[in-house]
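1. Quick one: sequence and predicted model below, then my questions.
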Amino acid sequence: MSNPLLDFCGLPRFAEIKNEHISPAIEALLKENRAVIENVRADDHAPTWQNFVQPMVDANERLSRAWGQVSHLNAVMNSPQLREIYNANLPLITQFYAELSQDLLLFEKFKQLRASVEFDNLTPARKKIIENELKDFRLGGAELPSDKKQRFLQIQEELSKLSSKFNDNLLDATNAYSLFIEDVEAVRGIPADVLQTAKELAEADSRAGWKFTLHMPSYLPVLQYADNRDLREQMYRAYATRASEFDSQAGSDKDNMPLINRILELRREAAQMLGYENFAEVSLATKMAISPQQVLDFLRKLAYKAKPYAESDLQALRQFAAEKLNLPKLEAWDLAYVSEKLRQERYAFSDQEVKQYFPEDKVLDGMFKLVEKLYGIKIVPVTAARNIQRWHPDVKFFDIHDANGQLIGQFYLDLYARPTKRGGAWMDDAITRRRIDNEEGKPTIQIPVAYLTCNFSAPVNINHQIRPALFTHNEVIVLFHEFGHGLHHLLTKMEDLGVSGINGVEWDAVELPSQFMENFCWEWDVLAGMTQHIETAEPLPKALFDKMIKAKNFQSGLQMLRQIEFALFDMHIHFDFNPNDDNTVLQLLDDIRKEVAVIIPPDFNRFPNSFAHIFAGGYAAGYYSYKWAEVLSADAYSMFEETASDGVVNAATGSHFLEQILAVGGSRSALESFIAFRGREPELDALLRHSGMETA
């Protein structure tokens, strides 16, 4: 097949995809999909799953898979040419799905199917899909008067463009900044491996000294370790003002604040067209939480519990900074540095010391062994002989087999930061598990495939030898988190696309499997087998692990309040904030900080301008999901603690978690799945206990 984006018989053909393939493929698939839609619209027979739902599922999956490959490449191998093509096709994709969700005839046919005898005979999974479809039609504007549907469609198209532009601006602003330093005294305190990478970056630009950037593997160690306070301030100011009016290197056309205001205005308008007061109510219509007020009450209850601990954390920092570091006034660019120094004094170890025990190969091997024991699976790296096409030479590929040796899933792993990749870490689906007919017309199971993407430090060349990538313990936690998402997608046993993997799972429960996995990063039985010092080859000493455990809840109050601050900002900005009033986005954030925060950033800080989760991702009026799902995950993990006669890596409890949480996907409500696993509704106590906070 000449166009690799139109080949759905196997894995994506990344090595063959060219920019010129994208527009013709999307045009062909949109034409094909519209023909399918017209056929089912024109069918006079009573709607059934086979004659009505299934044809649309098949067609939409082809479009989704092709566009998913384009979107993925735009996120991990961004270029001006690809970005231009992506942004040219994005409105076409948005228009198609918006038109689909507004199609009153299709909506009526789904309602007919819901009311038919056929519905009563469908599987619970298919019943759930139809219920979800009906809700999506209502939220998509299907019930709007015809004169308002066009405006609703225009809003969706403009929102897609604005979100894409927000991400582009943020990536460009991050890439635009670089700082070259030649004075060895100016980089004192920064770890050797970070300096080596900075040296290689400078050499690549034919410059002497070191090159520092705003990509996390470069930025964070400077803030955490650099003794040079002016350097820390310079880097902090650049990072905190990315894509804002203060960002001189990126340019004024990269300021995200006008986009934020327009996004909020359009979301509010669309929500009110649907009969809701605000966008938060629209967002929660597909989540576990019932109302914005319930979410706000939940967040403030957590804030009430966490604030005394946060105040104690900050007081300890200020006292240490003044007495030991001669810093009578603690600034924003001092926090990570002073925290690291205090941690070293209080617990007698540093992140950098721990990092030497976590080379990439040992971490991956240990993580795979953990889930193999928990879920009775086997993870196997795919050799070059299989010739799996990848988008970058650093990308790895793995097969997952069940206990009988049957292939049940596959995933790509893209771990290292690079200028062409957007920041953060995420899991995305490449192919979703479902039952299909093979080329001979026989039913078969489509193997699910996932993308797992991080932004860690790459291997470095030291004394003409390539040293494996080393991960901080926090990066290990991030990796486990994303792998938890991946397992949710890959270990599903659902055979219908709409509820397979994470599909159909309420957004505020989708973080349950990922945050659940993080808990194992604090278990000796797990860590002991996944560590090896990069020089001595010794495993992590138990004494050092014990120090890590003592430091586990170091500044947990500050960390929890920070997440609550972001979540309150997100909910309020979509609930009771009017972008047309005099109050600004920044003033709203200031008001929330005055209420719950104990650390107030400088006036120049422009955090909203880089808050891609809510302005360019799927977390609008949903950022609270991290804390909401953390309650679920901590409570779920407590069952492993309760059954830990031979350690928490309990295969029986793991099998129970697999069957009741991972395998069922979105085929039933998240609350039903949680109760089926835990035997009761979730409770807050486990989260507070894991965070080192009293439960009284």
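-> That came in fine, so what should we check first?
2. On the three-state scheme, residue 413 is what?
-> strand (DSSP: H, G, I helix; E, B strand; the rest coil).
3. what's the neighbour count on the nearest residue to it once chain neighbours are set aside?
-> Across the structure, with Cβ to Cβ, 6 or more residues apart in numbering as the measure, the residue nearest residue 413 apart from its sequence neighbours is residue 396 (4.4 Å). All C-beta atoms are positioned from the backbone trio N, CA, C, and that covers glycine. If you count neighbours by other Cβ atoms under 10 Å, residue 396 ends up with 16.
4. Also residue 335?
-> When neighbours are defined as other Cβ under 10 Å, residue 335 has 21 of them.
5. Give the bridge partners for the most centrally placed residue in the chain, please.
-> Closest to where the C-alpha atoms of the chain average out (Cα atoms, centre = their mean) is residue 426, at 4.0 Å. Beta-bridge pairing of residue 426, defined through DSSP bridges, involves residue 453.
6. Next one: it from residue 416, what distance?
-> Distance of residue 426 to residue 416, computed by Cβ to Cβ, to the nearest Å: 15 Å.
7. ok, now residue 463?
-> Shown here: residue 463 relative to residue 416, a distance of 21 Å by Cβ to Cβ.
8. Settle it for me: which of those two has more neighbours?
-> The residue with the greater number of neighbours, taking residue 463 and residue 416 and applying other Cβ under 10 Å, is residue 416; the counts read 18 against 6.
9. Check whether the nearest residue to that one once chain neighbours are set aside sits in a helix, strand or coil.
-> Beyond its immediate neighbours in the sequence, the residue positioned closest to residue 416 (Cβ to Cβ, 6+ apart) is residue 458, lying 3.9 Å away. Per three-state DSSP, the local secondary structure of residue 458 is coil.
10. Quick one: neighbours of residue 458, just the number.
-> Other residues close to residue 458 by other Cβ under 10 Å number 16.
11. Please tell me I have it right and it contacts residue 392.
-> No: the pair formed by residue 458 and residue 392 falls short of the contact definition of Cβ atoms under 8 Å, at 11.0 Å.
12. And the average pLDDT for the longest helix along the chain is what?
-> Of all the segments of type helix in the chain, defined by DSSP state H, the longest one is helix 292-324. If you average the pLDDT over helix 292-324, you get 96.
13. Within its sheet, name the partner strands of the helix or strand bottoming out on mean pLDDT in the chain and how each one runs.
-> Among the helical and strand segments of the chain, the one scoring lowest on mean pLDDT, DSSP states H and E is strand 460-462, with a mean of 83. Counting by DSSP bridges, the strands paired with strand 460-462 are strand 465-467 (antiparallel).
14. Provide the contact partners of the strand it pairs with at residue level.
-> The set of residues external to strand 465-467 that reach it, using Cβ atoms under 8 Å, 6 or more residues apart in numbering, is 193, 459-461, 534.
15. quick one: contacts for residue 296?
-> The contact partners of residue 296, by Cβ under 8 Å, 6+ apart, come to 568, 571-572, 575.
16. on that earlier part again, my read is that the residue nearest to the centre of the chain contacts residue 453, right?
-> Yes: Residue 426 lies in contact with residue 453 (Cβ under 8 Å); the separation is 5.4 Å.
17. Give me the common contacts of the two.
-> Between them, residue 426 and residue 453 have residue 482 as joint contacts when contacts are counted by Cβ under 8 Å, 6+ apart.
18. which stretches of this structure aren't confidently modelled?
-> Counting by pLDDT under 70, the chain has low-confidence residues at 1, 250, 694-696.
19. Domains in it, by residue range?
-> 4-101+103-139, 177-254, 355-539 (automatic domain parsing).
20. end to end, how far does the shortest one reach?
-> Counting by Cα to Cα, to the nearest Å, the length from the leading to the trailing residue of domain 177-254 is 13 Å.
21. related to what we said a few turns ago, redo the contacts of strand 465-467 as a markdown table? Include neighbour count and distance to residue 77.
-> Compiled in a markdown table, the contacts of strand 465-467 are given as follows (neighbours: other Cβ atoms under 10 Å; distance: Cβ to Cβ, whole Å):
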| residue | neighbour count | distance to residue 77 |
| --- | --- | --- |
| 193 | 21 | 25 |
| 459 | 17 | 20 |
| 460 | 19 | 22 |
| 461 | 12 | 23 |
| 534 | 16 | 29 |
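22. I'd say residue 476 and residue 363 touch.
-> Yes: Residue 476 sits in contact with residue 363 when judged by Cβ under 8 Å, with a separation of 5.8 Å.
23. ok, residue 200 - contacts?
-> 460-461.
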